[in-house]
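Asker: Mind folding the following:
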Amino acid sequence: MTLMTKLKEMIPWKRKPVKMHEGILVRDDINQFFDRFLRSPLETGWSRFAGLGSGIEMYETDEHVILRADVPGVDPKQLNVTVRNGILCLSYEDQREWHDGNGEGSSRHYTAFRRSVSLPEGLEVSTAEAACKNGVLAIRIPWSPEARDRSRTIVVPVD
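Answerer: Now for the predicted structure:
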């Protein structure tokens, strides 16, 4: 159903009650319309961070907790990685201005994102390591010796 058809069905003077999910669908269609309108094929800034909405991937091994985040086109020197109260925070902010030589044109570009993830207990955060290669940030945080001792593998017998 097209956006205009949905809007015509929701006109108040028709006295037709509007269901909540129909209003949400119209809102989503309008948001998609403006997203497409604002996204220019000539400007790389809009689509450059489209994949960053997925967040941070985390998995555990016997020795480490490993976190990975896709950060395409991001300068690793401008990434901020912090851990506070058991929450790892990844943030980035970039602001650029451009002026042409004769003062007739200018442009300003601002990009920012912030992602957070709760960490499991028992990590040695002070010895964490991070590396960024080919647009992928990888963070390795080792388990503390106490946490390793509390963990044990349970063997499941096969009949």
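
Asker: Just list the residues touching residue 114, thanks.
Answerer: Neighbour list for residue 114: 89-92 [criterion: Cβ atoms under 8 Å, 6 or more residues apart in numbering]. From N, CA and C alone the C-beta is placed, and that goes for glycine too.

Asker: Nearest to residue 138 among the residues you listed?
Answerer: The closest of these to residue 138 turns out to be residue 90 (Cβ to Cβ; 11.7 Å).

Asker: Tell me what that closest one is bridged to.
Answerer: Counting by DSSP bridges, residue 90 is bridged to residue 81, residue 115.

Asker: Surely it touches residue 74?
Answerer: No: counting by Cβ atoms under 8 Å, residue 90 sits too far from residue 74 to count as a contact (10.1 Å).

Asker: Okay, strands next: where are they in this protein?
Answerer: 57-60, 64-70, 79-84, 87-99, 106-118, 129-133, 136-142 (DSSP state E).

Asker: now those in JSON lines, with mean pLDDT?
Answerer: Below are the strands of the chain laid out as JSON lines (pLDDT from 0 to 100):
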{"stretch": "strand 57-60", "mean pLDDT": "89"}
{"stretch": "strand 64-70", "mean pLDDT": "91"}
{"stretch": "strand 79-84", "mean pLDDT": "91"}
{"stretch": "strand 87-99", "mean pLDDT": "85"}
{"stretch": "strand 106-118", "mean pLDDT": "83"}
{"stretch": "strand 129-133", "mean pLDDT": "93"}
{"stretch": "strand 136-142", "mean pLDDT": "94"}
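
Asker: residues contacting residue 127?
Answerer: Applying Cβ under 8 Å, 6+ apart to residue 127 gives the contacts 141-142.

Asker: Could you tell me the model confidence score at it?
Answerer: In this model, residue 127 is scored at 93, pLDDT.

Asker: now it: how far from residue 146?
Answerer: Here residue 127 is placed at a distance of 14 Å from residue 146 (Cβ to Cβ, to the nearest Å).

Asker: Could you list the domains of the protein?
Answerer: Using automatic domain parsing, the domains assigned to the chain come out as 3-38, 50-150.

Asker: give me the number of residues near residue 74?
Answerer: Using other Cβ atoms under 10 Å, the number of residues around residue 74 comes to 20.

Asker: Now do the residue lying closest to it once chain neighbours are set aside: how many residues are near it, please.
Answerer: With sequence-adjacent residues excluded and distances taken as Cβ to Cβ, 6 or more residues apart in numbering, residue 74 is closest to residue 92, at 5.6 Å. Other residues lying near residue 92 total 20 when counted by other Cβ under 10 Å.
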